[in-house]
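Asker: Quick one, what's the 3D model for this:
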Amino acid sequence: MSELGSPERTPDAQTPDTRDDDAGDGIQASQRMLSFSDALLSIIATVMVLPVMHTKIYPEQHFDRSMQKLLATKIAVYLMSFLIVTVAWAAHIRLFQVVGKIDDTLALLNLVCMMTITFLPYTFSLMVTFPAEPLGIFLFCVCVIAIGAVQAVVVGYAFHYPHLLNRQIACSVHRVTLQRHILGILLRGPALCFAAAIFSLFFFPMSYLLLVLVIVLPYVSKAARWCQEHVRGPGEPPTQTLQFFPFDLHEPLSKERVEAFSDGVYAIVATLLILDICEDNVPDPAEVEGAFHGSLVAALGASRPRFLAYFGSFATVGLLWFAHHSLFLHVRKATQPMGLLNTLALAFVGGLPLAYRQTSALARRPREELESIRVSCVIIFFAGTFQFATWTAALLRQRETLHPTVWYGGREHALMFAKLGLYPCASLLAFASTCFLSRFSTAIFHLMQIGAPLAFLLLRLLLRLALAALRGLRGLAWPADPQPSGRGQDGDGDRADLQAQLLPDS
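Answerer: I've put the predicted structure just below:
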């Protein structure tokens, strides 16, 4: 996606001599700092699920309505926190599209910002552990306010030293207007969090509503702007600087940044699975000696369901990443709806360690196991569904967003449809099956986890066979016209074009 002022392009515009001079002055391009920040933000967004994963369910407790409500509340708060971190990530990327170079002061300010962000999971843990106490949400809001304050200081410092700005902004006569524009957008979220912090002291449910508004505000403002333009007509055109540098959090980010952040989330989710295995499934020596007569093999054998759940969960994460990779392999430009849907998909992918935890920790009690498997099916269903919705949003503007091979009727169209629709269909089928065959819920879920990788391996072959069968039926239904008349040739040509559109070559 073309974005003027992108930090990836700034160094390319410099000559080697310029870069050497900048290095001598302690000034450098910001790519490495951005890569570090992207990695840290993807980790912070993903580890938000840890407090939800470690929800304690004691032996005397049952997975009743109150436990379902508690777990659903924690998942909802996790999704909200994940999306707020992605808003902070988008603001950070936008900010360093304007700041083209960094010095030691900006690098230290960025570290202060990252340190504040790393404190968010702790405040989130307080929120979900003590849902009736306002302190957790108050500290969460204070962290977001501090992040906005540090970003505002970065803006002020960079505009005070214009040589740190993007070259076109530094040479512009509208720097003051642009600075006010950036600060106004950066401080909207912290201002709402300031109000949320105040409400948390006497009516904390309003605080959650204000935090949700932080997430949806860019989309609400864009919808309001669209309505205003259609009711009153277009307003005054923006200044040249604002037109070339549209700093706004709801504008689509570059495809490369979206891919990098998404890969980070998938990698961290896969890592969390093995960390949970290392934490909970290494036998205690005293237990091995007492309960299993010193046999480590027997002690490990008792954890077979957890290892099976681990391998199935890792395969699910890996194949969802594979589907995501296949999708963005054919994407040329990411639009705003695609970015939002991809973020929602990542939020549910971040909940997959919770799915593993639930299916492995409650395996001793059939009722609780059934409920945990249904929770896992729901998480997998929404992760796959939002991936599918991302591809659908790309198809709606396919000439702008996709390569021609995956346009409707292209060679890869049917294969992408099958890849992205596999997990939503499989998880929905597994959930429905557990409603009728609850006694076999574990077998059904593991069958889905094992069958999905096999389906991915056979997908292209099965699709080729299906298309070949359809072509055979098409040949029987529409036999070739042997008469070489002009009308017949035209009819055959039109029919061939229609057939090529309906049944693309795989």
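
Asker: Name the residues of the helix or strand containing Pro218 that are buried.
Answerer: Using DSSP states H and E, Pro218 maps to helix 204-232. Within helix 204-232, the residues that qualify as buried are Phe204, Ser207, Tyr208, Leu210, Leu211, Val212, Leu213, Val214, Ile215, Leu217, Pro218, counting by 16 or more other C-beta atoms under 10 Å. Where C-beta positions appear, they are placed from N, C-alpha and C, glycine not excepted.

Asker: what about the residue lying closest to Pro337 once chain neighbours are set aside, neighbour count?
Answerer: Nearest residue to Pro337, sequence neighbours excluded (C-beta to C-beta, 6 or more residues apart in numbering): Ala393, at 4.4 Å. Other residues within reach of Ala393, judged by other C-beta atoms under 10 Å, total 19.

Asker: List the contacts of Ala393.
Answerer: Counting by C-beta atoms under 8 Å, 6 or more residues apart in numbering, Ala393 touches Thr335, Pro337, Met338, Leu341.

Asker: Report the separation between the last one and Leu327.
Answerer: Which is Leu341. Relative to Leu327, Leu341 is positioned 11 Å away (C-beta to C-beta, to the nearest Å).

Asker: between these two, what contacts are shared?
Answerer: Thr390.

Asker: Hmm, Leu164 and Pro106 touching each other?
Answerer: No Pro there; residue 106 is Leu. Yes: applying C-beta atoms under 8 Å, one finds Leu106 in contact with Leu164, separated by 6.8 Å.

Asker: so what's in contact with the two at the same time?
Answerer: Residues touching both Leu106 and Leu164 by C-beta under 8 Å, 6+ apart: Val99, Tyr157, Ala158.

Asker: Let's see if you can find the most crowded of these.
Answerer: Ala158 (28 neighbours).

Asker: Count the residues that sit near the closest residue to Thr46 other than its chain neighbours.
Answerer: Closest residue in space to Thr46, ignoring its immediate chain neighbours: Ile268 at 4.2 Å, by C-beta to C-beta, 6+ apart. Ile268 has 21 neighbouring residues, counting by other C-beta under 10 Å.

Asker: Now do the contacts for Ile268.
Answerer: The contact partners of Ile268, taken as C-beta under 8 Å, 6+ apart, are Ser42, Ile43, Thr46, Val47.

Asker: contacting residues around Ala39?
Answerer: Taking C-beta under 8 Å, 6+ apart as the test, what Ala39 contacts is Gly264.

Asker: Ramachandran angles for it?
Answerer: Here is the backbone geometry of Ala39 (degrees, to the nearest 10): phi -60, psi -40.

Asker: gap between it and Cys435?
Answerer: 41 Å.

Asker: quick one, strands of the protein?
Answerer: Taking DSSP state E, the strands of the chain run over residues 28-29, 101-102.

Asker: quick one on the thing from earlier: dump the buried residues of helix 204-232 to CSV, plus distance to Glu287 and pLDDT.
Answerer: Below are these laid out as CSV (distance: C-beta to C-beta, whole Å; pLDDT from 0 to 100):
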residue, distance to Glu287, pLDDT
Phe204, 43, 80
Ser207, 44, 87
Tyr208, 42, 86
Leu210, 48, 88
Leu211, 43, 87
Val212, 45, 87
Leu213, 50, 87
Val214, 47, 85
Ile215, 45, 84
Leu217, 52, 78
Pro218, 53, 74
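
Asker: just these now: which is nearest Ala426?
Answerer: Nearest to Ala426, judged by C-beta to C-beta, of these is Ile215 at 29.7 Å.

Asker: didn't the closest one look like it was pressed against Ser81?
Answerer: No: using C-beta under 8 Å as the test, Ile215 is too far from Ser81 to be in contact (10.1 Å).

Asker: His324 and Tyr266 touch, don't they?
Answerer: Yes: under the criterion of C-beta under 8 Å, His324 makes contact with Tyr266 at 7.2 Å.

Asker: out of these two, which sits in the busier spot?
Answerer: Neighbour count, other C-beta under 10 Å: between His324 and Tyr266, His324 has more, with 25 against 22.

Asker: one step back: for Gly136, state which of the shared contacts of Leu106 and Leu164 is nearest.
Answerer: For the shared contacts of Leu106 and Leu164, the nearest to Gly136 is Tyr157 (32.1 Å; C-beta to C-beta).

Asker: From Ser221, how far off is Cys227?
Answerer: With C-beta to C-beta as the criterion, Cys227 and Ser221 are 11 Å apart.

Asker: Please report phi then psi for the residue nearest to Pro134 when sequence neighbours are not counted.
Answerer: Excluding the flanking residues, the one nearest Pro134 by C-beta to C-beta, 6+ apart is Ser200, at 4.2 Å. Per-residue torsions, Ser200: phi -60, psi -20 (degrees, to the nearest 10).

Asker: what's the neighbour count on Ser200?
Answerer: Burial of Ser200 is recorded as 25 neighbouring residues (other C-beta under 10 Å).

Asker: pLDDT score for it?
Answerer: We have a pLDDT of 87 for Ser200.

Asker: Give me the distance between it and Leu458.
Answerer: Computed as C-beta to C-beta, the Ser200 to Leu458 distance reads 53 Å.

Asker: cool, Lys255 as well?
Answerer: Between Lys255 and Leu458 the computed distance is 30 Å (C-beta to C-beta).

Asker: How about Ala224?
Answerer: Taking C-beta to C-beta, one finds Ala224 at 49 Å from Leu458.

Asker: Repeat that for His325.
Answerer: For His325, the distance to Leu458 - C-beta to C-beta - is 19 Å.

Asker: just curious, which of the contacts of Ala393 is nearest to Ala286?
Answerer: Lowest distance from Ala286 to the contacts of Ala393 (C-beta to C-beta) belongs to Leu341, with 49.9 Å.

Asker: So the closest residue in space to Leu186 that isn't next to it in sequence versus Val258, what's the distance?
Answerer: Distance criterion C-beta to C-beta, 6+ apart; nearest residue to Leu186, sequence neighbours excluded, is Gln151 at 5.2 Å. Separation of Gln151 from Val258 (C-beta to C-beta): 21 Å.

Asker: before we move on, what about Pro134?
Answerer: To Val258, Pro134 is 35 Å away according to C-beta to C-beta.

Asker: Chain neighbours aside, what residue packs nearest to Ala270?
Answerer: Sequence neighbours aside, Val317 is the residue nearest to Ala270 in space, at 5.0 Å (criterion: C-beta to C-beta, 6+ apart).
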